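Engineer: curious how this folds, go ahead:
(one chain, ligands or ions: 1)
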Amino acid sequence: MPDGAKPVLDVRGLQTVFRTRGGDVHAVNSVSFHLEPGELLGVVGESGSGKSVTMMSLIGLLPMPPAEVREGEVLLGDMDILKISPAQLRDVRGRRIGFVFQDPMTSLNPVYNIGNQVMEPLRRHMGMNKAQAYTRAVELMELVGIPDPERRLKDYPHQFSGGMRQRVMIAIALACDPEVLIADEPTTALDVTIQAQIIELVKELRTKLGMAIVWITHDLGVIAGIADRVIVMYAGQVVEQAPVKELFANPQHPYTRALLKTIPSVTGERETRLKVIEGQPPILGAAPTACPFAPRCGHAFDRCGAENPIRRALGAGRVGYGHDVACHWDASKGAAHA
Ligand SMILES: Nc1ncnc2c1ncn2[C@@H]1O[C@H](COP(=O)(O)OP(=O)(O)OP(=O)(O)O)[C@@H](O)[C@H]1O
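Structural biologist: Numbers count the residues shown, from 1 in each chain. Here you go, the predicted structure:
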């Protein structure tokens with residue numbers, strides 16, 4: 001997409017706080033990113049970096065309270081979906097934005113058969129009658145590679161394997177032909193072979209259907225195989241953004257560099273973790289005023305403890321397009337920014 005063309009989804013300055021008895025938790029701190037038509041945007045970061053809370057905030061799936069979206073805009077086309085009514089949001093969610101989560105067992109209702117659950121969004125959002133919804137449900141089951149769809153629609157979630165349940169979730173997410181699909185660690189609970197099959201399926205569906213996808217994972221190895229562009233999150237902030245090849249070839253942020261070193265490598269028969277990043281991502285009681293990665297960073301200097309760096313573009317581009325990073329240390333020069 002040329003710089004300046006209209007994104008499908010444009011998230012600007014999103015800030016989400018949990019109000020807990022122990023005080024506020026600043027889970028999402030001024031997050032901005034956009035999604036281009038048909039692209040697959042990877043969102044990476046360790047557990048607790050704010051990936052899920054960001055996505056749940058923007059589709060209104062967080063329990064409020066304790067969560068509170070304090071600031072930001074989420075533009076889906078021209079509509080700010082943070083400002084619409086709960087009923088309108090329910091319609092957007094499911095019809096224009098589909099989502100798939102990590103554990104399909106908790107997302108599927110155990111007391112309804114699969115047919116009911118695949119047909120539900122078609123009847124609710126697309127106004128289909130029972131016969132139309134059934135025909136479309138059979139098509140969807142075929143689309144996601146579930147054999148013998150007519151028989152399988154009568155089955156209940158517990159009669160499906162983990163991988164097949166995730167295929168059902170994808171069928172439900174795609175039922176209304178959404179513009180955006182949000183997949184939050186969709187393969188984490190699955191074993192490696194099934195994981196690879198689901199990733200292949202999503203790649204195939206993307207080519208066939210052309211929707212834009214946000215794929216959340218802590219696994220950069222997965223991202224390398226599927227994403228067009230990546231945002232790296234730390235402490236509820238975007239710390240780096242780049243096209244996938246650029247990110248792997250020329251990582252700038254010390255956190256991204258450390259994450260890249262944690263990609264498992266296969267040595268003989270054994271998978272080894274090369275290096276783990278020492279320490280933990282912080283739980284923030286206030287919006288960060290210093291660089292939240294500084295305590296774990298080998299390049300930190302005075303300024304990092306005093307000022308939270310804002311994202312700056314590498315080269316002539318704009319932040320959010322091309323390559324940008326939020327760091328006081330200039331990786332290309334191996335020195336602090338002037
Ligand atoms: N209900 C809640 N109450 C208080 N804090 C919460 C709540 N849910 C999430 N958080 C906090 O929000 C921050 C971001 O969590 P989030 O789940 O978005 O991280 P994540 O990057 O998606 O991690 P994971 O990969 O483990 O899902 C964490 O510090 C977490 O402790």
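Engineer: show me what the residue nearest the centre of the chain bridges to in the sheet.
Structural biologist: The chain has Ile216 as the residue nearest its centroid, 3.2 Å off, counting by Cα atoms, centre = their mean. Counting by DSSP bridges, Ile216 is bridged to Val43, Asp184.
Engineer: hang on, it packs against Val43?
Structural biologist: Yes - look at Ile216 against Val43 with Cβ atoms under 8 Å: they come within range, at 4.6 Å. C-beta: built from backbone N, CA, C; applies to glycine.
Engineer: tell me the secondary structure for Val232?
Structural biologist: strand (DSSP: H, G, I helix; E, B strand; the rest coil).
Engineer: not counting its neighbours along the chain, what's nearest it?
Structural biologist: Leaving aside its sequence neighbours, Val232 sits nearest to Glu240 (Cβ to Cβ, 6 or more residues apart in numbering; 4.3 Å).
Engineer: in three-state terms, label the one you found for me.
Structural biologist: Assigned with three-state DSSP, Glu240 falls in the strand class.
Engineer: who's in contact with it?
Structural biologist: By Cβ atoms under 8 Å, 6 or more residues apart in numbering, the contact set of Glu240 is 230-232, 247, 251-253, 255-256, 323-327.
Engineer: hey, what's in contact with both of Ile216 and Val43?
Structural biologist: Lys51, Met55.
Engineer: the ligand versus Val232, what's the distance?
Structural biologist: Applying Cβ to the nearest ligand atom, to the nearest Å, the value for Val232 to the ligand is 11 Å.
Engineer: residues in contact with that residue?
Structural biologist: Val44, Gly45, Val238, Val239, Glu240, Gln241, Leu247, His253, Tyr255, Thr256, Leu259.
Engineer: count the neighbours of the closest residue to the ligand within the stretch 201-338 of the chain for me.
Structural biologist: Per Cβ to the nearest ligand atom, Ile283 is where the stretch 201-338 of the chain lies closest to the ligand, at 4.7 Å. Using other Cβ atoms under 10 Å, Ile283 is surrounded by 14 other residues.
Engineer: the residue nearest to Val232 bridge partners, please.
Structural biologist: Val232, Val325.
Engineer: ramachandran coordinates for the closest residue to Leu122 other than its chain neighbours?
Structural biologist: The spatially closest residue to Leu122, leaving aside those adjacent along the chain, is Ala133, at 4.1 Å (Cβ to Cβ, 6+ apart). The phi/psi pair for Ala133 (degrees, to the nearest 10) reads phi -60, psi -40.
Engineer: so Ala133 sits right up against Arg123, yeah?
Structural biologist: Yes - taking contacts as Cβ under 8 Å, Ala133 lies within contact range of Arg123: 5.1 Å.
Engineer: of those two, who's got more company?
Structural biologist: Ala133 (23 against 16).
Engineer: skip the chain neighbours and tell me the closest residue to the residue of the stretch 201-338 of the chain closest to the ligand.
Structural biologist: Val25 (5.9 Å).
Engineer: wait, a strand at that neighbour?
Structural biologist: Yes - counting by three-state DSSP, Val25 is part of a strand.
Engineer: from what I can see it touches Ala286, true?
Structural biologist: No - Val25 is beyond contact range of Ala286, at 9.9 Å (criterion: Cβ under 8 Å).
Engineer: the more surrounded of the two?
Structural biologist: Val25 (18 against 11).
Engineer: OK, contacts around Met169?
Structural biologist: Residues counted as contacts of Met169 (Cβ under 8 Å, 6+ apart) are Val100, Phe101, Pro104, Ser107, Leu108, Pro186.
Engineer: got TSV for these, with secondary structure and neighbour count too?
Structural biologist: Formatted as TSV, the contacts of Met169 follow (DSSP: H, G, I helix; E, B strand; the rest coil; neighbours: other Cβ atoms under 10 Å):
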residue	secondary structure	neighbour count
Val100	strand	26
Phe101	coil	22
Pro104	helix	23
Ser107	helix	18
Leu108	coil	20
Pro186	coil	27
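Engineer: least confident pick among these?
Structural biologist: The weakest per-residue confidence within these falls on Pro104 (58).
Engineer: Gly285: neighbouring residues, count only.
Structural biologist: 11.
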